[in-house]
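Q: The sequence and its predicted three-dimensional model are supplied below.
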Amino acid sequence: MKRVVLIVLLMIPLALSAAEFSWDGMFRTRTGDYTEYHWYNVGAENPDTQTLSDYRMRLFTHIGFSDSLSAVWGIEVDGTWGDVDQNRDEINVKTKHLYMDFTPDFADMLSIRIGLQPYKDPFGSAIFDEDAVGLFLLPKFESFNLKAGWLQFHNQDISEDRDDNLFVLEGSKDFESFTLGAAFLYDMGYMDPNILPRAMHEMIMFFPFEFDNMWIGFFGKYHTDNLEAGGHFVYNSSKYAENFMITAEDTTGFFAYLYGKYNLSEKMNVKLHFGYTPGMDYASDDYTYFTAIKPQANLYGLEYFFYGPVFDKATMLNTYGDFFGQTVLALNINYSFLYLNAGMIKGNFDNYMTDEKEFGKEIDLGFNYPVTDGLTLSGVYALFMPGQFMEDFYGYKETAHEMAFKLEYKF
């Protein structure tokens, strides 16, 4: 509570001089019963199940001081119903956003954003989608969009054992019926060896090491009245500094994604997705897999296997960074407030305990019903049917389930 009071006191001088105020935000509550979100649990005999109910509230205050100066302050309250720590404000209440936008007098076409701010990469959140402290330059051009900046992650943004600095350069151009863009991201920092990936070897514990991750790629979208198609390709390389205690193998990888969407009528549309990330060859020195910082994407629309629109606590596989790699084919059919999702997921690894690579298939039945202005009730019943890889690996392949509901109000 002391933290919230201090922030309010600091904001009073700004508020008194502010010209305009506006607010937006959201509140949600949801509950779900599901097989535990761990790929090593799904497929096992009598897998663990869990019932969870949680809540979240976000309130964003927009303060306009002048045409060239504004600020955003956002707070978030969340927790799990019945949790023993739900009344501790240092756990449940946090500053979500706290940043300022301003335009210098000497550069009318340049906007600068500084402070705790959101950043979402242009590759469907495949790399990073969170809040971090940093500085962004947002120049204004009539012909194209440009963004450049630096973020330093809080420990809780990534891991308690990792410290990162992310540098970003993005550009895109909008045409009459399509958009094209490219981006470069560079991540440098250090990591505790206790959380090294499998590509590391000859590892001695408790000695931090430095690393550099680089992503470069392009993205695009084409659209007409009834048709939309697009995708992206992003290449990744990771280099790890060696010292007298640790030898680490450099890695490379990529993430290719394509989609197509067709509107059959005002109420019905169909969307098809294809995604591919390579996997490791465990019998060679070829360390090829895609590395992400903190992916939060749900590109395929699937509720269970990836971060889903109803429940998004975790995934069964690290969506964009596992050593197995993935080939994903997914279909979304939407009719009014009802939807059907179906997907097939396969690994792309070689020489890992079994020749079978099928992770499994998923099918979702759900709805997003507008109860009233701003208020939406969502529900889904999802089934994940483990494939031959799960059966060979565990000896079982029991179907995993999820039944979840969410009530969300946006204002």
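A: Thanks, I have the structure now.
Q: What is the burial count for residue 183?
A: Residue 183: 21 surrounding residues under other CB atoms under 10 Å. Glycine gets a C-beta too; all of them are placed from N, C-alpha and C.
Q: how about it, what does it touch?
A: When contacts are counted by CB atoms under 8 Å, 6 or more residues apart in numbering, residue 183 touches 121-123, 168-171, 215-219, 234.
Q: and those residues as a markdown table, adding pLDDT and neighbour count?
A: Shown next, in a markdown table, are the contacts of residue 183 (pLDDT from 0 to 100; neighbours: other CB atoms under 10 Å):
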| residue | pLDDT | neighbour count |
| --- | --- | --- |
| 121 | 96 | 25 |
| 122 | 95 | 21 |
| 123 | 95 | 25 |
| 168 | 97 | 21 |
| 169 | 98 | 15 |
| 170 | 97 | 18 |
| 171 | 96 | 17 |
| 215 | 97 | 27 |
| 216 | 98 | 15 |
| 217 | 98 | 22 |
| 218 | 97 | 17 |
| 219 | 98 | 21 |
| 234 | 97 | 26 |
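Q: Nearest to residue 341, out of the residues you listed: which one, please.
A: Nearest to residue 341 among these, counting by CB to CB, is residue 123 at 21.1 Å.
Q: surely that closest one meets residue 216?
A: No - because the distance of 10.7 Å does not satisfy CB atoms under 8 Å, residue 123 is recorded as not touching residue 216.
Q: Distance check, residue 332 against residue 282.
A: As judged by CB to CB, to the nearest Å, residue 332 and residue 282 stand 34 Å apart.
Q: Of those two, which one has the most company?
A: Legend: neighbour count by other CB under 10 Å for residue 332 and residue 282, higher for residue 332 (20 against 14).
Q: Just the pLDDT for that one.
A: Looking at residue 332, its pLDDT reads 98.
Q: Verify the stated contact: it with residue 260.
A: No - assessed by CB under 8 Å, residue 332 is found out of contact with residue 260, at 11.0 Å.
Q: Quick check: neighbours shared by these two?
A: By CB under 8 Å, 6+ apart, residue 332 and residue 260 have these common neighbours: 271-272.
Q: So which bits of whichever strand or helix holds residue 95 are buried?
A: Element membership of residue 95 [criterion: DSSP states H and E] is strand 93-102. For strand 93-102, a neighbour-count test (16 or more other CB atoms under 10 Å) marks 93-94, 96-102 as buried.
Q: which secondary structure elements does it contact?
A: The contact analysis (3 or more CB pairs under 8 Å, 6 or more residues apart in numbering; DSSP states H and E) places strand 93-102 against helix 2-17, strand 49-66, strand 69-80, strand 110-120.
Q: and it, how far out from the chain's middle?
A: Relative to its parent chain, strand 93-102 has a centroid offset of 20 Å by CA atoms, centre = their mean, to the nearest Å.
Q: what's the angle between that strand and strand 69-80?
A: Put simply, strand 93-102 runs at 160 degrees to strand 69-80, going by axes from the mean of the first three to the mean of the last three CA atoms, to 10 degrees.
Q: got the contact list for strand 93-102?
A: Residues from elsewhere that reach strand 93-102, judged by CB under 8 Å, 6+ apart: 3-4, 7, 58, 60, 68-77, 111-118, 131.
Q: again, only using 6 Å
A: With contact meaning CB atoms under 6 Å, 6 or more residues apart in numbering, strand 93-102 is reached by 4, 69-74, 76-77, 111-117.
Q: If any of those are buried, put those into a ChimeraX selection.
A: To isolate the buried ones among those in ChimeraX, judged by 16+ other CB under 10 Å, type:
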select :70,71,72,73,74,76,77,111,112,113,115,116,117
